[in-house]
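**Student:** From the sequence below, what's the structure:
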Amino acid sequence: MLLGCTEFTKIYLQIKDNPWPFVNLVKLAQNSGARDDEVVELLKIANGYLPRIRLEYDRVMAELDSCKAELNSWKAELNNTVRMYQQFIDRNIELNRRDDLLQTIKELDLPT
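**Tutor:** A predicted model of the protein is given here:
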C-alpha cells in the first residue's frame with residue numbers, strides 16, 4: 001500500500017525511530033481545523049521566532065533562578081533575625097524573673 005507513496009516512505013525513514021512528535025503534530029493540526037497552507041505558514045512563523053523565544057525563555061529562567069537565590073538569602077536573614085530576637089526576649093524574661101526574685105527576697109528580708 002505504501003509502495004506508491006515515495007514522499008511518505010522518505011519521511012518515514014527519517015522519523016521511524018520516533019514518529020510520535022509528527023503524529024501528534026498531524027493530530028493537532030487536524031483537531032484545530034486549520035487548512036494545510038495555514039499549518040505550513042504557522043510552522044514557518046514559529047521557525048523564525050523560536051530561536052528568539054528560546055533565548056528569552058532562558059533569560060527569564062536565569063532571572064527567576066537569581067530571584068529564588070535572593071529570596072532564599074532573605075529568608076535566611078529573616079530566620080537569623082527572628083532567632084536573635086527570640087534570644088533577646090528569652091534573656092529579658094530571664095532577667096525579669098531574676099529581678100522579681102531579688103525583689104521578693106528583699107521584701108521577705110525581715111530586719112533581725
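**Student:** hey, which helix is longest across the chain?
**Tutor:** Longest helix in the chain, counting residues (DSSP state H): helix 36-108.
**Student:** Burial check on residue 12, number of neighbours?
**Tutor:** Using other C-beta atoms under 10 Å, residue 12 is surrounded by 13 other residues. To be clear about C-beta, it is placed using only N, CA and C from the backbone, and glycine gets the same treatment.
**Student:** moving C-terminal of the host helix or strand of it, what's the next helix or strand?
**Tutor:** Assessed by DSSP states H and E, residue 12 sits inside helix 6-15. Downstream of helix 6-15, the first helix or strand assigned by DSSP H and E is helix 20-32.
**Student:** which outside residues touch that following helix?
**Tutor:** Residues from elsewhere that reach helix 20-32 (C-beta atoms under 8 Å, 6 or more residues apart in numbering): 11, 15, 39.
**Student:** list the buried ones in it?
**Tutor:** Using 16 or more other C-beta atoms under 10 Å as the test for burial, helix 20-32 gives residue 29.
**Student:** Would you mind getting the angle between that helix and helix 6-15?
**Tutor:** 130 degrees (axes from the mean of the first three to the mean of the last three C-alpha atoms, to 10 degrees).
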